[in-house]
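> Pasting the sequence and the predicted coordinates here, then a few questions.
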Amino acid sequence: MVTGNNDSDILKWISITTRYTRIALDRRLQPYRLNASMYYYILRIHERPKMTQDKLISLTYLNPSNVTRAVNQLVHLGYVRKRQSKSDKRVYELSLTKKGETLYPKIVTLRQEVADNLLTDVAPEHHDELVAEIRQLALRAVHNEMPEINNEQG
């Protein structure tokens, strides 16, 4: 495969983008005692009430212990409720508390603000294409490091 001289710079620029986007999210989430590693769970649980913790793990591409730790912290903060499933006592279902539901639209708004700031110089008609390309890069990275994960998730 023939590649350009600057192809390896993609790793540098993805890293910088991630780092400073996390800083922006952390700053905006601080009043809620959350950080960029935690808000995503609130979004997913809102979308799928009574989601199991196992399903949440499969959506995040993260180590199960990291997800468990984050969920427990969200429970401690009063944003998430964790209940044993009535049909399977080995499974825990997750849902947002009233406090979590109140926080949800605020997270959606601040996340959009960060995305808008990031995409300021990208023409709106190119946003979907850019997101699709970045998604493909991310899924390829996951698949290359963890081929057992179905690369159609996400």
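Structure received.
> Just list what the lowest-mean-pLDDT helix or strand in the chain packs against, helices and strands only.
Between all helices and strands in the chain, the lowest mean by mean pLDDT, DSSP states H and E belongs to helix 53-60, at a mean of 84. Applying 3 or more Cβ pairs under 8 Å, 6 or more residues apart in numbering; DSSP states H and E, one finds that helix 53-60 contacts helix 39-47, helix 64-77, strand 92-96. The C-beta positions use only the backbone N, C-alpha and C, and glycine is treated the same way.
> Helix, strand or coil: sort out P31 for me.
Assigned with DSSP: H, G, I helix; E, B strand; the rest coil, P31 falls in the helix class.
> if we can go back for a sec, so for T120, which of the helices and strands packed on helix 53-60 sits nearest?
T120 lies closest to helix 39-47 among those, at 21.5 Å (Cβ to Cβ).
> so what's L77 up against?
Listed by Cβ atoms under 8 Å, 6 or more residues apart in numbering, the contact set of L77 reads R33, L34.
> nearest residue to the spatially most central residue of the chain other than its sequence neighbours?
Geometric centre of the chain, nearest residue: Y40, 4.0 Å, by Cα atoms, centre = their mean. Nearest in space to Y40, with sequence neighbours left out and distances taken as Cβ to Cβ, 6 or more residues apart in numbering, is T60 at 7.0 Å.
> how many neighbours does that neighbour have?
18 (other Cβ atoms under 10 Å).
> ok, now how distant is it from N66?
8 Å (Cβ to Cβ, to the nearest Å).
> out of the helices and strands packed on helix 53-60, nearest to H126?
H126 lies closest to helix 39-47 among the helices and strands packed on helix 53-60, at 24.1 Å (Cβ to Cβ).
> Pull that closest one out as CSV, backbone CA atoms only.
What follows is helix 39-47, C-alpha atoms only, in CSV (Å, rounded to 0.1, in the frame of the first residue of the first chain):
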residue,chain,number,x,y,z
TYR,A,39,-21.8,11.1,30.6
TYR,A,40,-22.1,8.6,27.8
TYR,A,41,-23.7,6.0,30.2
ILE,A,42,-26.5,8.5,31.0
LEU,A,43,-27.2,9.0,27.3
ARG,A,44,-27.4,5.2,26.6
ILE,A,45,-29.4,4.3,29.7
HIS,A,46,-31.9,7.1,28.8
GLU,A,47,-32.3,5.7,25.3
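> What is the distance between that helix and the centre of its chain?
In terms of Cα atoms, centre = their mean, to the nearest Å, the centre of helix 39-47 is found 8 Å from the chain centre.
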